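Peer 1: fold the following, please.
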Amino acid sequence: MRYPNGIDEEFFFQKRAPAKRPDWLEVAEIRFPSGRSAEEVVPRHPADLAWMANLACLELHPHPVRAEDLDHPDELRVDLDPVPGVEWPQIRQVADVVHEVLTELGLKGWPKTSGSRGIHVLVRIETKWTFDEVRRAALALAREVERRAPGLATSKWWKEERRGVFVDYNQNAKDRTVTSAYSVRPKPDARVSAPVNWKELAECNPADFTLWTLPKRFARIGDPHAEIDDWRCSLEPLLELSRQQEAAGEGDAPWPPHYRKAAGEPKRAPPSTARTRKPLIEVARAEREAEAVAAAGQWKAQHPKAAAHLEPQDVLVDRMRGRSSPWYRVRINLEHVPARLRPKAPGEGKPKA
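Peer 2: Numbering: from 1, shown residues only. Modelled structure (predicted):
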């Protein structure tokens, strides 16, 4: 992600390496599910990172593959994404359950803060499984975590169904990426996505890790993930768990938008589009996530009686994909608000021009 005018101004995603680039810069051709492809930078040296920094690249989002084998991931990624209102202690609780499940199945997880509100757990794996198989293993893990921590964790894809911390299995679909370790996030305190060990995760706060504190910490303790490549785990235990879940009636789950319909995938539509629709209203659209969150707060202030009945998960801030940058949609689920107190969506009921 590039921020040419700073974190408070416009930013954009750039996957393709610029046509004008140094001759020594290595690239690899990535093919996307859409059928398109792009040459992307393969940073192997400090000079590569310096070159990207000079282009105002703030966050780096690597694919879970090596340039030598682009079809077989070497990493399963567990992305713990809290719904609004969920605090850090609950996210850590869910991370502990992830650790428990992985350990029982003989896999080693390496945790890091996301640099925002969540936690990532990385699992190095042998490069013998496809993207679809890795995603299916991640789905099995998400469902097992949800089973062990009901109310705290969820594997539900649709935001209106989520409660607690979403274990985002779809981050393992091809072309999906997460923020790299040591990436600086676009936050006022220059927060960093920091690798930690499990003991440190139980004691830390994401705000502990910033552009100013990480260099001193690294000089003191080194990289907590320095040995990650020494642990190549097998996916077979998770795939066996997946087969057990499928035999019990739990088949595939929804894929992200823009992916082809998968065999066995359920209807790719949120429950609110069914006959018994949830009473969702759209209240704002914004270019930045902070603006969307502020808009949700303004709506609550304008409708305090309705807002008093909302649960944290009733405020849906959807990240929508634009051509080169995202935009954000704010929806409010009014199912917990008495009918007589439900406000109309902005513009609803007004005469058309």
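
Peer 1: show me this structure divided up by domain.
Peer 2: With domains defined by automatic domain parsing, the chain comprises 1-58, 63-260, 271-341.

Peer 1: let me know which of the ones you listed is tucked in deepest.
Peer 2: Comparing these on average neighbours per residue, with mean count of other Cβ atoms under 10 Å, the densest one is domain 63-260 at a mean of 18. Heads up, the C-betas are built off the backbone N, CA and C, glycines and all.

Peer 1: which SS state does residue 331 fall under?
Peer 2: Counting by DSSP: H, G, I helix; E, B strand; the rest coil, the backbone at residue 331 sits in strand.

Peer 1: my error: substitute residue 282 in the last question.
Peer 2: Under the three-state scheme (three-state DSSP), residue 282 adopts strand.

Peer 1: now it, nearest residue through space, not along the chain?
Peer 2: By the measure of Cβ to Cβ, 6 or more residues apart in numbering, the closest residue to residue 282 outside its immediate chain neighbours is residue 331, 5.1 Å from it.

Peer 1: quick check: the one you found touching residue 283?
Peer 2: Yes - at 7.0 Å, residue 331 and residue 283 qualify as touching, with contact defined as Cβ atoms under 8 Å.

Peer 1: what strands line up against the lowest-mean-pLDDT helix or strand in the chain, and which way round?
Peer 2: None of the helices or strands of the chain scores lower by mean pLDDT, DSSP states H and E than strand 315-320, at a mean of 83. According to DSSP bridges, strand 315-320 forms sheet pairs with strand 327-333 (antiparallel).

Peer 1: tell me the secondary structure at residue 76.
Peer 2: The three-state label for residue 76, taken from three-state DSSP, comes out as strand.

Peer 1: tell me how far the helix or strand harbouring residue 293 lies from the chain's centre.
Peer 2: Residue 293 is part of helix 289-302, with elements assigned from DSSP states H and E. Centroid separation for helix 289-302 versus its chain: 22 Å, with Cα atoms, centre = their mean, to the nearest Å.

Peer 1: that helix packs against which elements?
Peer 2: On a contact count with 3 or more Cβ pairs under 8 Å, 6 or more residues apart in numbering; DSSP states H and E, helix 289-302 meets strand 280-286, helix 304-307, strand 315-320, strand 327-333.

Peer 1: which residues touch the first one?
Peer 2: By Cβ atoms under 8 Å, 6 or more residues apart in numbering, the residues outside strand 280-286 that reach it are 160, 272, 292, 294-296, 298-299, 316, 327-334, 343-346, 348.

Peer 1: kindly report the same for the third one.
Peer 2: Under the criterion Cβ under 8 Å, 6+ apart, residues 84-85, 159-160, 280, 289, 292-293, 296, 326-333 lie in contact with strand 315-320.

Peer 1: what about the residue nearest to residue 282, distance to residue 292?
Peer 2: Residue 331 sits at a distance of 10 Å from residue 292 (criterion: Cβ to Cβ, to the nearest Å).

Peer 1: what is the residue nearest to residue 282 paired to in the beta sheet?
Peer 2: When bridges are called by DSSP bridges, residue 331 pairs up with residue 282, residue 316.

Peer 1: you'd agree residue 25 is up against residue 17?
Peer 2: Yes - in terms of Cβ under 8 Å, residue 25 counts as a neighbour of residue 17; the distance is 7.1 Å.

Peer 1: now do the shared contacts for those two.
Peer 2: Listed contacts common to residue 25 and residue 17 are residue 41; contacts here mean Cβ under 8 Å, 6+ apart.

Peer 1: that concludes my questions; thank you for your assistance.
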